[in-house]
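> Pasting the sequence and the predicted coordinates here, then a few questions.
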Amino acid sequence: MTAPAQTAAESTLEQLDGLVREPFSRRGFVMTGLISGFTLATTVVHGQTITTDSKGLVAGEVKIPTADGDLPGYRAMPDGAGPFPIVLVIEEIFGVHEYIKDICRRFAKLGYCAVAPELYARLGDLSKMTDVQAIVRDVISKAPDATVLSDLDASAKWAAADSKGDAARLGVTGFCRGGRAVWLYAAHNPQVKAAVAWYGPLGGSRTDIQPKTAADVVGDLKAPVLGLYGGADTGIPVADVEKQRDAAKAAGKTVEIVIFPDTPHGFHADYRPSYRKAQAEDGWARALAWFKRYGVA
């Protein structure tokens, strides 16, 4: 019997300290453009927010063709001839807002073509939603995994065809819910060279449209995965992270797990109080080294 979506929503909400939780939900409109600035779902923008300029880059909002229309997204790449290694950047649950855009620019400054598709554009307008409970219940829990994977495929194809990207050097990274998608995508697309999952949920409920957890696909991984987790993450038990590592090893998969002690969920999110500078910088350096080691960079 399919578990109710609210169970999965409650699990996600446990990881969202410092964010707005309003008593009433607000269903948004279908998105045709990206969020300007930061998500409205955060109670405060953290003082250590990183800002990366676009000097020497081609950066901005794009439209990514999919089977049922154009998906809004953000693309940043060097202003040069290419071809550039491609990295797909998968959002948290808050949309492709300034934090995700800045991550794309950080990659572009290092020579990548970074593309962040707005994977929830069909379900709600995250640029207007302030209620985290509504975002999880009305958008995240209703996003079919098959569509997410298909949109990532379309984004990789578009990056190679229209953005001077090198399809032979494809990487993927994602944060929170996007970290979960990293595990799924690494098991889905054999063209992925390397993947980096930042505190991506490993368990949770299974539904008809989200039939497998990240733990379920560990034996199907087609690319090396680096998992970056916090030892004080209240929503992802360390025991589950260690179990994922052990399952990957037993299956003969290339997986490296790093657990930062006394570190909360969302430690890379520099716009939120959960940000931990030292761990974020360490994780970023590890991510770049991972991409280099396995042929993305």
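Yes, it's here.
> any idea how far T49 is from G266?
Going from G266 to T49 by C-beta to C-beta, to the nearest Å gives 13 Å. No exception for glycine: its C-beta is placed from N, CA and C like everyone else's.
> So which of those two has more stuff around it?
Between G266 and T49, G266 has the larger neighbour count (other C-beta atoms under 10 Å), namely 27 against 15.
> Report whether that one is found in a strand, as I expect.
No. Using DSSP: H, G, I helix; E, B strand; the rest coil, the assignment for G266 is coil, not a strand.
> quick one, helices of the chain?
For the chain, the helices defined by DSSP state H cover 5-13, 98-109, 132-134, 145-162, 177-188, 238-250, 277-293.
> Residues that sit against both of G266 and T49, list them.
Shared contacts of G266 and T49, defined by C-beta atoms under 8 Å, 6 or more residues apart in numbering, are absent.
> Just the pLDDT at the residue nearest to I103 when sequence neighbours are not counted, thanks.
Spatial nearest neighbour of I103, excluding adjacent residues (C-beta to C-beta, 6 or more residues apart in numbering): V89 at 5.5 Å. Listed pLDDT for V89 reads 98.
> One more: the one 3 residues further on?
pLDDT, the model's per-residue confidence, is 94 for E92.
> and if you look at K128?
We have a pLDDT of 79 for K128.
> burial count for it?
Neighbours of K128 under the rule other C-beta under 10 Å: 14.
> Likewise for G60?
11.
> same question, V196
For V196, the neighbour count with other C-beta under 10 Å is 28.
> before we move on, back to that, nearest to G230, of the helices of the chain?
helix 277-293 (7.4 Å; C-beta to C-beta).
> for the closest one, packing partners?
Packing partners of helix 277-293 (3 or more C-beta pairs under 8 Å, 6 or more residues apart in numbering; DSSP states H and E): strand 192-198, strand 225-230, strand 255-260.
> let's go with 6 Å and repeat that
Counting contacts by 3 or more C-beta pairs under 6 Å, 6 or more residues apart in numbering; DSSP states H and E, helix 277-293 is packed against strand 192-198.
> which residues touch the strand it packs on?
170-173, 175, 179, 182-183, 186, 223-228, 268, 287, 290-291, 294-296 (C-beta atoms under 6 Å, 6 or more residues apart in numbering).
> Buried by neighbour count, from these: which ones?
Neighbour-count burial (16 or more other C-beta atoms under 10 Å) applied to the contacts of strand 192-198 gives 170-173, 175, 179, 182-183, 186, 223-228, 268, 287, 290-291, 294, 296.
> Quick check: buried residues in stretch 278-289?
Q279, A280, D282, G283, W284, A287, L288.
> Same question for stretch 253-266.
Neighbour count says stretch 253-266 has K253, V255, I257, I259, F260, T263, P264, H265, G266 buried, by 16+ other C-beta under 10 Å.
> Quickly check those residues for the two that are furthest apart.
K253 and P264 (27.3 Å).
> what's the first-to-last distance across stretch 268-286?
End-to-end span of stretch 268-286 (C-alpha to C-alpha, to the nearest Å): 13 Å.
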